[in-house]
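Chemist: Quick one: sequence plus predicted model below, questions after.
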Number of protein chains: 2
Amino acid sequence: MKAKNVREKLLDSAQMLISKNGYSAVSMRAIAQAAGANVGSLTYHFGSKANLLREIYLLHTGPMNARRMELLGEALRIDDLDARLVAILRAYVLPAFSMSENGVGGGAEFTRMRAVLTAEGNKDASTIIADTFDETSRSFLRAISGCIPGASLEGLIWCSQFLLGSLYYALINPERVTRLSDGKVDGANRDVAVEQLVQSSFASFKNLTSKEDVSP
Amino acid sequence: MKAKNVREKLLDSAQMLISKNGYSAVSMRAIAQAAGANVGSLTYHFGSKANLLREIYLLHTGPMNARRMELLGEALRIDDLDARLVAILRAYVLPAFSMSENGVGGGAEFTRMRAVLTAEGNKDASTIIADTFDETSRSFLRAISGCIPGASLEGLIWCSQFLLGSLYYALINPERVTRLSDGKVDGANRDVAVEQLVQSSFASFKNLTSKEDVSP
DNA sequence: GTCTATATAGAGATAGAC
DNA sequence: GTCTATCTCTATATAGAC
């Protein structure tokens, strides 16, 4: 835990506030205040609010996709198709929920921020988000497809869409889990969330297996 | 398609704009302009932006939950557990995707707006959203539970969380489906989305069936 | 019931002192 | 590199004409 300079503190505060309240609702003043800095320093370091957002993305996208691809590579070495599929799904989900040691490469807060930005459909954000993650998604789609003989493209695409939606919502609204279970299930427990998500989407994907193709 | 008065037009425009861009990003001016009305008329009819949002909710929540509960009642009359579960899931999903004839009672745009508001975590919104839908969710949870012998509460809660997340994301980001499939799958086709979502979550829920309890 | 005009506050961004 | 001060624009909300 080394001391952070103002620039890093500003990036942290921005990510934290935007992931919680959305991009439009968070003012540069609020970001500066949360970082214990001044408004002027924001424009000095980043020039504009849109560019501040871009810098946050640049900090995470590369490392996060690298982690995903590395875990995917390991998963693809598994022979058993079911075990491989589970490993692939975990490779996709894990980096979205937890960061690497150096504090970049994904994590729940960054993912939650992405979820909020996607929902807002913000112009500043969409140009940045655009296809940053699509290449990785395609690699995972191919890998998943290889585990499910006879699955239709339509089914695969929709299931992967539902996987991402489930992932986002688990981070956006964990309170609902706790509330709906009368406190018996903790929505904020991310290890549990990851496992439940992996199991749930595994079942969905497996369900796509061509029904005619059940020869042993 | 009867002629709409200014008040109704303002409600429509507000819902449309907020569902697309988020609550904070949409100004009262933009809402008034989209409705072909004046800013002053907004405060006259609704008093404040927060209350405008409340009125949109009041217009939909009652009828939408009524439709869901009616469809749920029909589903519960089905004897076969698998067929019943599918019907229950469809009863939950359908009203979120399409309105009743009178133009209220849910629909994709209203649901999308709810998704965006949840993501933004907006204060004005959260007090309104709060527990408006929780009672319905609880009824569905009980009904689903009755179809899956031996399912754990934890599994049921998480699967229902993933269902809602999938539903929201299907409406928030349909472009991703189209883009990821190179145009081969149309993310905007809501009939298909509903069926894919029902099938996918059916498989997830069924997967919760206690493995020990497979006596015929 | 709907408009124009306006009050007040806050936004993003800039210039220049230190 | 970080601050203060300020410019300009836009926000919500209000008051009063029609």
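Modeler: Perfect, thanks for sending it.
Chemist: Give me the neighbour count for A:C159.
Modeler: 25 (other C-beta atoms under 10 Å in any protein chain shown). In this view, the C-beta of every residue, glycine as well, is placed from N, C-alpha and C.
Chemist: Apologies, that question was intended for A:I56.
Modeler: 22.
Chemist: in the helix or strand of chain A with the lowest mean pLDDT, what's buried?
Modeler: Taking mean pLDDT, DSSP states H and E as the measure, chain A has helix A:123-129 as its least confident helix or strand, at a mean of 79. By neighbour count on 16 or more other C-beta atoms under 10 Å in any protein chain shown, the buried set for helix A:123-129 is A:D124, A:A125, A:I128, A:I129.
Chemist: outside of it, which residues touch it?
Modeler: If you take C-beta atoms under 8 Å, 6 or more residues apart in numbering or on different chains as the criterion, helix A:123-129 is touched by A:Y23, A:K49, A:A50, A:L53, A:R54, A:Y57, A:R114, A:L117, A:T118.
Chemist: Switch the residues you listed over to CSV; also include neighbour count.
Modeler: Formatted as CSV, these follow (neighbours: other C-beta atoms under 10 Å in any protein chain shown):
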residue, neighbour count
A:Y23, 24
A:K49, 19
A:A50, 15
A:L53, 23
A:R54, 17
A:Y57, 19
A:R114, 26
A:L117, 23
A:T118, 21
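Chemist: Reformat those as JSON lines; add secondary structure.
Modeler: JSON lines is the format used below for these (DSSP: H, G, I helix; E, B strand; the rest coil):
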{"residue": "A:Y23", "secondary structure": "coil"}
{"residue": "A:K49", "secondary structure": "helix"}
{"residue": "A:A50", "secondary structure": "helix"}
{"residue": "A:L53", "secondary structure": "helix"}
{"residue": "A:R54", "secondary structure": "helix"}
{"residue": "A:Y57", "secondary structure": "helix"}
{"residue": "A:R114", "secondary structure": "helix"}
{"residue": "A:L117", "secondary structure": "helix"}
{"residue": "A:T118", "secondary structure": "helix"}
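Chemist: any idea which of the residues you listed is closest to A:S41?
Modeler: A:K49 (13.4 Å; C-beta to C-beta).
Chemist: Can you tell me the closest non-neighbouring residue to the closest one?
Modeler: A:M28 (5.8 Å; C-beta to C-beta, 6 or more residues apart in numbering or on different chains).
Chemist: So what's the residue count around that neighbour?
Modeler: The burial count for A:M28: 17, using other C-beta under 10 Å.
Chemist: check contacts around it.
Modeler: Listed by C-beta under 8 Å, 6+ apart, the contact partners of A:M28 are A:V39, A:L42, A:T43, A:K49, A:L52.
Chemist: For the helix or strand containing the second one, list the C-alpha coordinates in CSV.
Modeler: Element membership of A:L42, judged by DSSP states H and E, is helix A:39-46. Once side chains and other backbone atoms are set aside, the C-alpha atoms of helix A:39-46 remain, and they are given as CSV (Å, rounded to 0.1, in the frame of the first residue of the first chain):
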residue,chain,number,x,y,z
VAL,A,39,-10.9,21.1,-9.3
GLY,A,40,-8.1,22.7,-11.2
SER,A,41,-5.9,19.7,-10.8
LEU,A,42,-8.5,17.6,-12.7
THR,A,43,-8.2,19.7,-15.9
TYR,A,44,-4.5,19.9,-15.5
HIS,A,45,-4.1,16.1,-15.4
PHE,A,46,-6.9,15.0,-17.7
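Chemist: Quickly check: that helix near DNA strand D or not.
Modeler: Yes: judged by C-beta under 7 Å from any atom of the strand, helix A:39-46 and DNA strand D are in contact via A:V39, A:G40, A:S41, A:Y44, A:H45.
Chemist: Buried among those? Need that as a selection in PyMOL.
Modeler: A single PyMOL command selects the buried members of these (16+ other C-beta under 10 Å):
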select buried, chain A and resi 45
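Chemist: which among the residues of helix A:39-46 next to DNA strand D gets closest to B:V104?
Modeler: A:V39 (44.1 Å).
Chemist: Which parts of chain A are strands?
Modeler: Assigned by DSSP state E, chain A shows no strands.
Chemist: shaky segments in chain A?
Modeler: Low-confidence segments of chain A (pLDDT under 70): A:1-3, A:130-133, A:211-216.
Chemist: what does it have sitting close to DNA strand C?
Modeler: Near DNA strand C, when you scan chain A using C-beta under 7 Å from any atom of the strand, you find A:26-30, A:39-40, A:43-44, A:47-50.
Chemist: Let's see that with 6 Å instead.
Modeler: Near DNA strand C, the residues belonging to chain A are A:S27, A:M28, A:R29, A:A30, A:V39, A:G40, A:T43, A:S48, A:K49 when assessed by C-beta under 6 Å from any atom of the strand.
Chemist: Would you confirm that the fourth one contacts A:L17?
Modeler: Yes: shown here, A:A30 and A:L17 form a contact pair, counting by C-beta atoms under 8 Å, at 6.1 Å.
Chemist: what about the two, which has more around it?
Modeler: Taking other C-beta under 10 Å, A:A30 and A:L17 do not tie; A:L17 has more neighbours (20 against 16).
Chemist: State the phi and psi torsions of the closest residue to the more buried one other than its chain neighbours.
Modeler: Leaving aside its sequence neighbours, A:L17 sits nearest to A:V26 (C-beta to C-beta, 6+ apart; 4.6 Å). The phi/psi pair for A:V26 (degrees, to the nearest 10) reads phi -100, psi 120.
Chemist: show me the contacts for A:V26.
Modeler: Applying C-beta under 8 Å, 6+ apart, the residues near A:V26 are A:A14, A:L17, A:I18.
Chemist: quick check, stretch A:10-24 touching DNA strand D?
Modeler: No: Stretch A:10-24 is not in contact with DNA strand D by C-beta under 6 Å from any atom of the strand; minimum separation 8.1 Å.
Chemist: can I get the CA coordinates of that stretch in PDB?
Modeler: The C-alpha coordinates for stretch A:10-24 follow below in PDB (Å, rounded to 0.1, in the frame of the first residue of the first chain):
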ATOM      1  CA  LEU A  10      -8.200  11.400  -8.700                       C
ATOM      2  CA  LEU A  11      -8.600   8.300 -10.800                       C
ATOM      3  CA  ASP A  12      -9.600   6.300  -7.800                       C
ATOM      4  CA  SER A  13     -12.200   8.800  -6.600                       C
ATOM      5  CA  ALA A  14     -13.600   9.100 -10.000                       C
ATOM      6  CA  GLN A  15     -14.000   5.400 -10.500                       C
ATOM      7  CA  MET A  16     -15.500   5.000  -7.100                       C
ATOM      8  CA  LEU A  17     -18.000   7.800  -7.400                       C
ATOM      9  CA  ILE A  18     -19.000   7.000 -11.000                       C
ATOM     10  CA  SER A  19     -19.500   3.300 -10.300                       C
ATOM     11  CA  LYS A  20     -21.800   4.300  -7.500                       C
ATOM     12  CA  ASN A  21     -23.800   7.200  -9.000                       C
ATOM     13  CA  GLY A  22     -23.300   7.200 -12.700                       C
ATOM     14  CA  TYR A  23     -21.300   9.400 -15.000                       C
ATOM     15  CA  SER A  24     -23.700  12.400 -15.400                       C
END
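Chemist: Since that was my last question, I'll sign off now.
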